[in-house]
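Here is a sequence together with a model predicted from it:
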Amino acid sequence: MSKMHKTIADYMTPGPHATNVNDNLHAAREKMMKIGARHLPVLDDGKLVGVVSDRDIQLALGFKHGNIKTMTVSDVFADEPYVTHPDTNLRTVAMEMAERKIGSAVVMDNEEVVGIFTTTDACRALHDVLG
């Protein structure tokens, strides 16, 4: 396969950790720190409902009464995540992320989260493409 026809499956982080929409922000932040992630898919009853980022959590901490032990993921997550399929062309996803100014794409197959593609993954892809 040529470098110009790589798919998201070639670069995504497979089997990403997720958080529940009702988890408190402290638990989500701890999970992110433990696994070294900046984005977590947000699930409600096993279905994708959004993405929460470390930036979302930091913003919540900036509120006067922001308390990550009492606030939940539902208070801050992005409820319209960019979702793509593993077979989607890398160029398509990279351009969409740039246009939307977002840091992640959730990769789904048959309504199941199978991966996440972040700006870190995009940097790895760029390194590969530039050889």
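Good, I have the coordinates. All values derive from a computational prediction rather than experimental measurement. Numbers count the residues shown, from 1 in each chain.

what about the strands in the chain?
13-14, 19-20, 39-44, 47-53, 83-84, 104-109, 112-118 (DSSP state E).

Point out the other helices and strands that the lowest-mean-pLDDT helix or strand in the chain packs with.
Comparing every helix and strand of the chain by mean pLDDT, DSSP states H and E singles out helix 54-62 as the least confident one, with a mean of 88. Packing partners of helix 54-62 (3 or more CB pairs under 8 Å, 6 or more residues apart in numbering; DSSP states H and E): helix 25-35. Just so you know, the C-beta spots here come from the backbone N, C-alpha and C atoms, and that holds for glycine as well.

The helix it packs on versus strand 47-53: what angle between them?
80 degrees (axes from the mean of the first three to the mean of the last three CA atoms, to 10 degrees).

Return the residues in contact with Ile35.
Contact analysis of Ile35 by CB atoms under 8 Å, 6 or more residues apart in numbering lists His17.

10 Å - rerun?
Shown in contact with Ile35 (CB atoms under 10 Å, 6 or more residues apart in numbering): 13, 16-17.

same deal with Thr88?
7-9, 12, 96, 105, 107, 117.

ok, back up a step: export only the CA atoms of the least confident helix or strand of the chain, formatted as PDB.
C-alpha atoms of helix 54-62 as PDB (Å, rounded to 0.1, in the frame of the first residue of the first chain):
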ATOM      1  CA  ASP A  54      -7.800  17.100  29.300                       C
ATOM      2  CA  ARG A  55      -8.500  20.600  28.100                       C
ATOM      3  CA  ASP A  56     -12.200  20.200  28.900                       C
ATOM      4  CA  ILE A  57     -11.300  19.100  32.400                       C
ATOM      5  CA  GLN A  58      -8.700  22.000  32.800                       C
ATOM      6  CA  LEU A  59     -11.400  24.400  31.700                       C
ATOM      7  CA  ALA A  60     -13.800  23.100  34.300                       C
ATOM      8  CA  LEU A  61     -11.200  23.500  37.000                       C
ATOM      9  CA  GLY A  62     -11.000  27.200  36.000                       C
END
